[in-house]
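Colleague: here is the input, now give the coordinates:
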Amino acid sequence: MKVFRLVSMFVIWLGLATALSISGVSAAPPTLDPPIVDIHPFEGQPGLPDLDARTATVAPTSAQTSRVSALGAKVTWNQFGTVQSLIKYGGYLATGLNSDAAVAARDFVRTNRVLFSLSDQAVTDLELVNNSKMAGYDGHAVLFRQKFGGLPAAQDGMITVGVVSGKVAYVSSSSAGDESLAGSATISAQQAWLAAAANIGRSVSLGDLTAPRTDNSWTVFRAAGFAQIQRARLVALPFPGGAARPAYEVIVLDVQAGKAEAYTFFVDAQTNQVLFRQNRVYNLSAEATPTTGFFAGSAPPAGCDTPIPFLVPTGTQTIDVVASADNPVDDIDLRLLDPTLVLKGDSDTATSPEAIHYAPSGGVSPTGVNWYVQVCESANPVVPATGPIPYHGSYTT
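Modeller: Numbering: from 1, shown residues only. Below you'll find the predicted structure:
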């Protein structure tokens, strides 16, 4: 059975639709990033830039790096000093685990909890958000979420484990470690929404809001001058190197008369301070045109072809790469590498074509320089190649 490269499996919120409640009903399974699109704010209505008050970073410890070495794995670290991406090329991170994918995933996190800066009890307390089976294969993407002081983590505090028949193939994480929760909420959901609206220049008073009601975990209401229902919910926002803050996740949404405003905020539930803001209005920009190019080469059996450079223009938001082996029997592994040849995306499914969609929050970085695409024979080929593997592909930025 093939190793699944379960890259970028976090649940993503997009567009102007009502926000997804992970803890509410009908939570969608972890999905790949959104379709190819060059995204920019609407012409004539640029809106405000994204903001994140959490600027601290934590370095990984020697115990963590030693554990990665013991696993024989490749790792990237996140701002919390915990694993962001963990993979072992040509093998699995762990084998012989429970046949129940969710149990196996939790057992792996427990055994390697130093990588996530979690105590044994914190691993026990992880909320199982989703156990999503990959169509056509015995592969599962198991998604856990941390809680702080009983509040669900938001924006970060997630762990995804790719499990195939009791074997762990890949891990991605924004685990914040064993943080405490800094007190409890002292303002209401509506007060937090008012602070968010004021942050984008919309002056609204408490008297302009209808009586609130509860919709799953959300407090929902209408606001004078806004066409859509507004909402907020109490969560925990982790801080690197500090305590998680009780915060309201707030959606400010107004679409009318051909104009749109849509923001996700996290507002401190004690101070009413805006801690995080993300502009959710996206559309095709009139002046922006996607850049597409083509590449071809030949990968050696059980090896990799030389990385192929391609220019990523300044301001790029997404990179999409697709490649196919010329002979459909050949089994390839497609990789996206940044200018320093660090892996940023990987696709190794059962058959060609292989595809990668790379769309990091805040856009691709760095830009104006060459990135690389690399094609290898799969580490677990359906049929091992007996000679060179010709391939063709394309990229879109």
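Colleague: where does this protein dip in pLDDT?
Modeller: Along the chain, segments meeting pLDDT under 70 span 1-46, 135-137, 282-289, 328, 350-352.
Colleague: for the chain, what spans make up the helices?
Modeller: With DSSP state H as the criterion, the chain has helices at 62-71, 101-111, 120-125, 189-199.
Colleague: contacts for the first one, please.
Modeller: What that stands for is helix 62-71. 75, 81, 82, 83, 86, 88, 93, 112, 114, 115, 117 (CB atoms under 8 Å, 6 or more residues apart in numbering). Glycine gets a C-beta too; all of them are placed from N, C-alpha and C.
Colleague: and that helix with helix 101-111, angle?
Modeller: 130 degrees (axes from the mean of the first three to the mean of the last three CA atoms, to 10 degrees).
Colleague: next, the buried residues of helix 62-71.
Modeller: Within helix 62-71, the residues that qualify as buried are 64, 67, 68, 71, counting by 16 or more other CB atoms under 10 Å.
Colleague: from those, which two are the most distant?
Modeller: Largest separation among those by CB to CB: 64 and 71, giving 11.0 Å.
Colleague: neighbour count and distance to residue 332 added to the contacts of helix 62-71, as JSON lines?
Modeller: Listed next are the contacts of helix 62-71 as JSON lines, based on neighbours: other CB atoms under 10 Å; distance: CB to CB, whole Å:
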{"residue": "75", "neighbour count": "19", "distance to residue 332": "24"}
{"residue": "81", "neighbour count": "18", "distance to residue 332": "34"}
{"residue": "82", "neighbour count": "23", "distance to residue 332": "31"}
{"residue": "83", "neighbour count": "27", "distance to residue 332": "27"}
{"residue": "86", "neighbour count": "21", "distance to residue 332": "22"}
{"residue": "88", "neighbour count": "19", "distance to residue 332": "19"}
{"residue": "93", "neighbour count": "21", "distance to residue 332": "22"}
{"residue": "112", "neighbour count": "23", "distance to residue 332": "30"}
{"residue": "114", "neighbour count": "16", "distance to residue 332": "35"}
{"residue": "115", "neighbour count": "27", "distance to residue 332": "30"}
{"residue": "117", "neighbour count": "21", "distance to residue 332": "36"}
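Colleague: among these, name the ones in strands.
Modeller: 75, 83, 86 (DSSP state E).
Colleague: give me every residue that touches the last one.
Modeller: In other words, residue 86. Residues in contact with residue 86 (CB under 8 Å, 6+ apart) are 68, 71, 73, 74, 75, 93, 115, 170, 171, 172, 173.
Colleague: what about stretch 165-182, how long is it end to end?
Modeller: 40 Å (CA to CA, to the nearest Å).
Colleague: ok, stretch 322-340 next?
Modeller: So stretch 322-340: terminal residues 21 Å apart, CA to CA.
Colleague: using PDB, write out every CA atom in stretch 228-243.
Modeller: What follows is stretch 228-243, C-alpha atoms only, in PDB (Å, rounded to 0.1, in the frame of the first residue of the first chain):
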ATOM      1  CA  GLN A 228     -26.300  39.500   6.500                       C
ATOM      2  CA  ILE A 229     -26.600  37.800   9.900                       C
ATOM      3  CA  GLN A 230     -23.600  38.500  12.100                       C
ATOM      4  CA  ARG A 231     -22.000  36.000  14.500                       C
ATOM      5  CA  ALA A 232     -19.400  35.400  17.200                       C
ATOM      6  CA  ARG A 233     -18.300  32.500  19.400                       C
ATOM      7  CA  LEU A 234     -16.100  32.100  22.400                       C
ATOM      8  CA  VAL A 235     -12.800  30.200  21.700                       C
ATOM      9  CA  ALA A 236      -9.200  30.100  22.900                       C
ATOM     10  CA  LEU A 237      -6.600  31.800  20.800                       C
ATOM     11  CA  PRO A 238      -3.100  30.300  21.500                       C
ATOM     12  CA  PHE A 239      -0.100  32.600  21.900                       C
ATOM     13  CA  PRO A 240       3.500  31.400  21.200                       C
ATOM     14  CA  GLY A 241       5.400  31.300  24.400                       C
ATOM     15  CA  GLY A 242       2.500  32.500  26.500                       C
ATOM     16  CA  ALA A 243      -1.000  31.600  27.700                       C
END
